[in-house]
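Novice: Fold the following for me, if possible:
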Amino acid sequence: MRYSIGEFSELIGLTPDTLRLYEKYHIVNPVKDPNNGYRYYDDLDVRNLLACRRFRSFDFPLEIAAELTVSPNIGRLDEALKIKLSDIESEIKRLECIKTQIHQTINTVELAYKQVQNQYLSPITEVELQGIYRLIQTNENTLSREIYPYKHDISKWMEALPDVMYSFKTDLQKDSNSTYTWGMAIEESKMITHNLISNDYLEYLPASNYLKGLYLAPNSEYMSSDIYLPLIEYAKVNDLVYGDFVWGKLISTINVKNQNCTLMEVYLKVSKKVSGHS
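Specialist: This is a model prediction of the structure:
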């Protein structure tokens, strides 16, 4: 049966402009009537168009959907479907990662919401963390020139979002002011997931037990000892040996009492005292 472009458009549910695009890719091939100059579509065009639309529903780009429709080589079809399946599985993993990160952020933000009047927002708890790799980008609040030879790696780390976190680390020095650095960080297991390479310029924080607290830092202020002193006091009260650094990660920026603050998780490495030793 023959269909005019208007009839065919209504039958298929596509606009005439879309049909002309499909004609460009030879998915449909209307025949021109020499008597009146009109072009007509037939049932084969219907079948080809529906086949192509099915491939498009698999999220193939139009070029590939057209290729699989017009040149239906079974080997090419098998290859294209397997590649698409692999892409979808990778995308599912990526979305699951985002889902996990969003759930964790929701839990943290909800906890902050309940206690937003205090700078230290949650009871300090002891947690076990896997190793962390850090790509140091600033010393204090100045961009680090040490990263320049390795700046090509930064884009790879950015591609690993949201598994990559923005972190700080403060060295606890008894005889001078504490120093700190900022930079991207990622859990050791996620380094493997994202094919990131461990190099000498990366800082490694070993897997350990840590004290964890939730802290609100005013954006108008630089890093201060307020961020870690409660963790140290908790360690002393509970007879824990604490390490020589504190690190943490940024969660979000929120407005508290008409000023923007950074919501951070803060970690202090700890261990239990060996019996008989101070």
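
Novice: And the host helix or strand of Gly75, how far out from the chain middle?
Specialist: Per DSSP states H and E, Gly75 falls inside helix 74-114. Remark: helix 74-114 is offset 9 Å from the chain centroid, using CA atoms, centre = their mean, to the nearest Å.

Novice: pLDDT averaged over it, what's the number?
Specialist: The average pLDDT within helix 74-114 is 90.

Novice: Quick one: list the elements packing against it.
Specialist: Secondary-structure packing of helix 74-114 (3 or more CB pairs under 8 Å, 6 or more residues apart in numbering; DSSP states H and E): helix 62-70, strand 208-218, strand 240-256, strand 259-272. Where C-beta positions appear, they are placed from N, C-alpha and C, glycine not excepted.

Novice: now those as CSV including mean pLDDT?
Specialist: Formatted as CSV, those follow (pLDDT from 0 to 100):
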stretch, mean pLDDT
helix 62-70, 94
strand 208-218, 90
strand 240-256, 89
strand 259-272, 89
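
Novice: coming back round to it: tell me the angle of the helix holding Gly75 relative to strand 259-272?
Specialist: Per axes from the mean of the first three to the mean of the last three CA atoms, to 10 degrees, the angle that helix 74-114 makes with strand 259-272 is 100 degrees.

Novice: Now the residue lying closest to Ala66 once chain neighbours are set aside. Its backbone dihedrals?
Specialist: Ranked by CB to CB, 6 or more residues apart in numbering and with sequence neighbours excluded, the top spatial neighbour of Ala66 is Tyr25, at 3.8 Å. Dihedral pair for Tyr25: phi -90, psi 10, per degrees, to the nearest 10.

Novice: my guess is Tyr25 contacts Val70, does it?
Specialist: Yes: at 7.3 Å, Tyr25 and Val70 qualify as touching, with contact defined as CB atoms under 8 Å.

Novice: At the geometric centre of the chain, which residue sits there?
Specialist: Nearest to the mean C-alpha position of the chain, by CA atoms, centre = their mean, lies Pro162 at 2.2 Å.

Novice: ok, that one - contacts?
Specialist: Applying CB atoms under 8 Å, 6 or more residues apart in numbering to Pro162 gives the contacts Cys97, Ile98, Gln101.

Novice: Can I take it that Glu221 is in a strand?
Specialist: No: according to DSSP: H, G, I helix; E, B strand; the rest coil, Glu221 belongs to no strand; its state is coil.

Novice: Return the distance of it relative to Cys261.
Specialist: Separation of Glu221 from Cys261 (CB to CB, to the nearest Å): 9 Å.

Novice: ok so, going back, assumed the residue nearest to the centre of the chain was part of a helix.
Specialist: No: assessed with three-state DSSP, Pro162 is coil; it does not lie in a helix.

Novice: Ramachandran angles for Arg134?
Specialist: Dihedral angles for Arg134 - degrees, to the nearest 10 - are phi -120, psi 140.

Novice: Same check on the one 3 residues further on?
Specialist: In terms of degrees, to the nearest 10, the main-chain angles of Gln137 are phi -120, psi -20.

Novice: likewise Val28?
Specialist: Residue torsions, per degrees, to the nearest 10, at Val28 are phi -120, psi 150.

Novice: What number of neighbouring residues does it come out with?
Specialist: 25 (other CB atoms under 10 Å).

Novice: Use 59 as the first number for this chain going forward.
Specialist: Right, with 59 as the first residue, what we last looked at is Val86.

Novice: residue contacts, it?
Specialist: Contact partners of Val86, counting by CB under 8 Å, 6+ apart, are Leu77, Tyr80, Tyr99, Asp103, Asn106, Leu107.

Novice: Check Thr76 too.
Specialist: Thr76 neighbours (CB under 8 Å, 6+ apart): none.

Novice: and it, which of the three is it?
Specialist: Looking at Thr76 with three-state DSSP, the answer is helix.

Novice: What does the pLDDT read for it?
Specialist: Note on Thr76: pLDDT of 90.
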